[in-house]
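J.: next come a sequence and a model predicted from it.
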Amino acid sequence: MKKLKWTWKIWMLVIFIILSILSIFSFPPLFLSKGVIIKNIEANSTVFTAGIRQGDIITEVNGQVVNNFQDYTKVITHLFNSTSPTTLNNLTNTNNSLNNSLVSTAKQVKVIMVTQKSSLVNEKKTYSFFTSSVPQIVVSDVPKTKLKTGLDLQGGARALVEPEKKLTDQEMQDLIAVSIERFNVYGISDIGIKKVTDLSGNNFMLVEIAGATPTDLNNLISQQGKFESKIGNETVFVGGNNDITYVCRNDATCAGIQSCDQSQEGYVCRYSFVIHLSEAAAKRHANITSKLGINSSMTGERYLEKQIDFYVDDKLTTSLYIAESLKGQVTTQISIEGSGTGIDQKTAYEDAQSSMKKMQTILITGSLPYKLNIVKLDTISPLLGQRFNYLILLTGIVGLFAVSVIILIRYRNLKASVALLITSFSEVIIILGVAALINWNLDLPSIVGILVTIGTGVDQQIVILDESKSKRIESMKEKLKNALFIVVSAFFTVFVSLLPLFWAGAGLLKGFALTTMIGLTIGVLISRPAFADMLKIIDQKRVEKNAS
């Protein structure tokens, strides 16, 4: 009896399973990671000034190893012993309210934090600072997988928002960009804002904030907001078309990264871009700067004694130096400068580009340039997220085993039942691997899509199995070919029928449509052909056994 070998289709299934597992858990595995990740950090706070940034992973505080959220809470509680653990939990939990205040202690405390940029790269940096209050950061345990869950699984608030007038695609993108910038000013983390379109072609903005309440979200959206620049207490110009007639972007001749230099903390990249002011704004700028004195920097550069400050809803976001040459000058063209930092040149360059883009957007549009109407406002309970793993595993395992038992009774073939289980589980793993790879948020519609994929997959595998067992006078190869033709035909029918769901309900069913389409595509291209080859091998073994 010759030994039967796996076909290339079965090997392809195995390779995709391995790649998907690596995509989900990364390598080395994320579940071995230690520390807490900074989800949000208050701009211009003591911690921010020290150089610590959002996304950093804290591994030590004052010599104490921090393995998880509980370790961090204990260390901070010990350092700031006048603050109760309950208060600290409210301050650092990712599901805290949007307006938590910090509890100050009476004395200055020296805090030494050891951080790293990634749980997979052991490049640690030490920061030291003095503070009289709990560090103004929001932390959580380092994620154990690369899977991202949507608001349905985290809990929070969701709003479907419609601008007061119909916007072009560019205007909608500007509105989304400035909305993200404005929410960042308020220190809100875990926020998602995207454009959605209904079947009638109407554009909406979908805003999702994890850990927020509908009242929080309603207050933030209903306030239109404002942008203004000040020198001292005097307003120079405000955002929008009245004072700013042009902002250079996407043009290397008047906007871009000017230089990147190494510093003691890493790298600093500086950017600049040109803006044009209206005549009235230029005169205000000249009048205010004419009264200012001159200061010299350590590098010999000369600036005016006061900086120009940018505010969003009366909150300071950025301060820039004013060149000596602009003192008292009525000029409609000025250069806005800023910088980005990072542990390496690439990170600093990307930070500078991001900072420049945000500033350009907010100068073009002001804060929120259009009045927004909330069409739909939902509260999402985190209960589903807490039971997510248990329910999904239970539903999937029970369903698959039930089908396998039915198949075993119907066809009296244990190997075929095992093959069906393997291919069904593999489809789920590959779908999750693709979701981790493309950073797709798994929300409730996506989970439903996975369950539908499992059901559709089992149904199509039963078709393949039934065809292989038919009594027609055909070879096994021909029977499986006929079965795969049925599977492919059903795939195209379902695939096309799912396309409208990308826009139905203003895009709220997009997760279901995308996940189901990914699952069906994986099935028809990878798992179904592999399952057919498994049945072929099983049949060949049966024939050889009978012949012997």
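T.: Structure's in. What do you need? Residues are numbered from 1 along each chain as shown.

J.: quick one: end-to-end distance for stretch 160-178.
T.: Start to finish, the residues bounding stretch 160-178 are 17 Å apart (CA to CA, to the nearest Å).

J.: pull out the buried residues from it.
T.: Within stretch 160-178, the residues that count as buried by 16 or more other CB atoms under 10 Å are 160-163, 167, 171-172, 174-178. For every residue, glycine as well, the C-beta is placed using N, CA and C.

J.: among those residues, which are in strands?
T.: Applying DSSP state E to the buried residues of stretch 160-178, the entries found in strands are 160-163.

J.: which one of the residues you listed is nearest to Lys230?
T.: In terms of CB to CB, no member of these lies closer to Lys230 than Pro163, at 28.2 Å.

J.: surely that closest one meets Lys195?
T.: No: the pair Pro163 / Lys195 is not scored as a contact, 10.8 Å apart, by CB atoms under 8 Å.

J.: most centrally placed residue in the protein?
T.: Centroid check for the chain by CA atoms, centre = their mean gives Asn439 as the closest residue, at 6.8 Å.

J.: what separates that residue from Glu474, distance-wise?
T.: 46 Å (CB to CB, to the nearest Å).

J.: also Ser26?
T.: Taken as CB to CB, the span from Ser26 to Glu474 is 47 Å.

J.: higher neighbour count, these two?
T.: Neighbours were counted for Ser26 and for Glu474 using other CB atoms under 10 Å; Ser26 has more, 20 against 13.

J.: quick check: phi and psi at that one.
T.: With angles defined as degrees, to the nearest 10, Ser26 sits at phi 70, psi 180.

J.: what's the answer for the one 10 residues further on, then?
T.: In terms of degrees, to the nearest 10, the main-chain angles of Val36 are phi -130, psi 140.

J.: can you check Asn202 too?
T.: Dihedral angles of Asn202 (phi, psi; degrees, to the nearest 10) stand at phi -80, psi 140.

J.: and it, how many neighbours?
T.: Neighbour count for Asn202, taken as other CB under 10 Å: 13.

J.: repeat for Leu509
T.: 18.

J.: gap between it and Gln264?
T.: Distance of Leu509 to Gln264, computed by CB to CB: 51 Å.

J.: same question for Phe310.
T.: Counting by CB to CB, the gap from Phe310 to Gln264 is 27 Å.

J.: and the two? Which one has more around it.
T.: Taking neighbours as other CB under 10 Å, Phe310 and Gln264 compare with Phe310 leading, 22 against 5.

J.: name the helix or strand for the nearest residue to the more buried one once chain neighbours are set aside, please.
T.: Spatial nearest neighbour of Phe310, chain neighbours left out: Thr318 (4.6 Å); criterion: CB to CB, 6 or more residues apart in numbering. Under the criterion of DSSP states H and E, Thr318 resides in strand 315-320.

J.: next, the contact list for the residue nearest to Phe310, please.
T.: Counting by CB atoms under 8 Å, 6 or more residues apart in numbering, Thr318 touches 309-310, 338, 359.

J.: pick the one among these closest to Phe16.
T.: Nearest member of the contacts of Thr318 to Phe16, counting by CB to CB, is Met359, at 43.2 Å.

J.: separation between the closest one and Ser133?
T.: 29 Å.

J.: now swap in Ser325 and tell me
T.: 41 Å.

J.: the more surrounded of these two?
T.: Counted by other CB under 10 Å, Ser325 and Ser133 do not tie: Ser133 has more neighbours, with 17 against 9.

J.: tell me the bridge partners for that one.
T.: Ser104 (DSSP bridges).

J.: ok, now how distant is it from Ile209?
T.: Distance from Ser133 to Ile209, by CB to CB: 25 Å.

J.: stretch 328-339: end-to-end distance?
T.: Distance across stretch 328-339, first residue to last, is 26 Å (CA to CA).

J.: strands along the stretch 1-150 of the chain, start to end?
T.: Taking DSSP state E, counting those that start in this stretch as the criterion, the stretch 1-150 of the chain contains strands spanning 36-41, 57-61, 64-65, 104-116, 124-133, 137-141, 148-149.

J.: what do you get for the stretch 201-350 of the chain?
T.: 203-210, 227-231, 234-238, 244-247, 255-263, 266-277, 294-296, 302-304, 308-312, 315-320, 333-342.

J.: the ones you listed: lowest mean pLDDT?
T.: Of all the strands of the stretch 201-350 of the chain, the minimum mean pLDDT falls on strand 315-320 (a mean of 76).

J.: how is the chain divided into domains?
T.: 8-26+385-547, 30-141, 156-224+372-380, 243-364 (automatic domain parsing).

J.: hey, what's Ser263 bridged with?
T.: With DSSP bridges as the criterion, Ser263 is bridged to Gly266.

J.: could you report the neighbour count for it?
T.: Residues near Ser263, counting by other CB under 10 Å, number 9.

J.: before we move on, what about Thr289?
T.: Counted by other CB under 10 Å, the residues lying close to Thr289 total 20.

J.: now do Thr341
T.: Neighbour count for Thr341, taken as other CB under 10 Å: 17.

J.: for it, give its distance to Lys291.
T.: On the measure of CB to CB, Thr341 and Lys291 end up 33 Å apart.

J.: state the phi and psi torsions of Pro28.
T.: According to degrees, to the nearest 10, Pro28 has phi -60, psi 160.

J.: I'd like the numbering to begin with 29 instead of 1 from here.
T.: From this message on, residue numbering opens at 29, which makes the last subject Pro56.

J.: that's a helix at Ala380, yeah?
T.: Yes: secondary structure of Ala380 (DSSP: H, G, I helix; E, B strand; the rest coil): part of a helix.

J.: residues contacting it?
T.: 285, 288, 297-299, 366-368.

J.: all helices of the stretch 379-528 of the chain, in order?
T.: Secondary structure of the stretch 379-528 of the chain (DSSP state H, counting those that start in this stretch): helices at 411-414, 416-439, 442-465, 472-496, 504-526.

J.: point out where the stretch 429-576 of the chain drops to low pLDDT.
T.: Flagging of the stretch 429-576 of the chain using pLDDT under 70 yields the residue ranges 531-536, 576.
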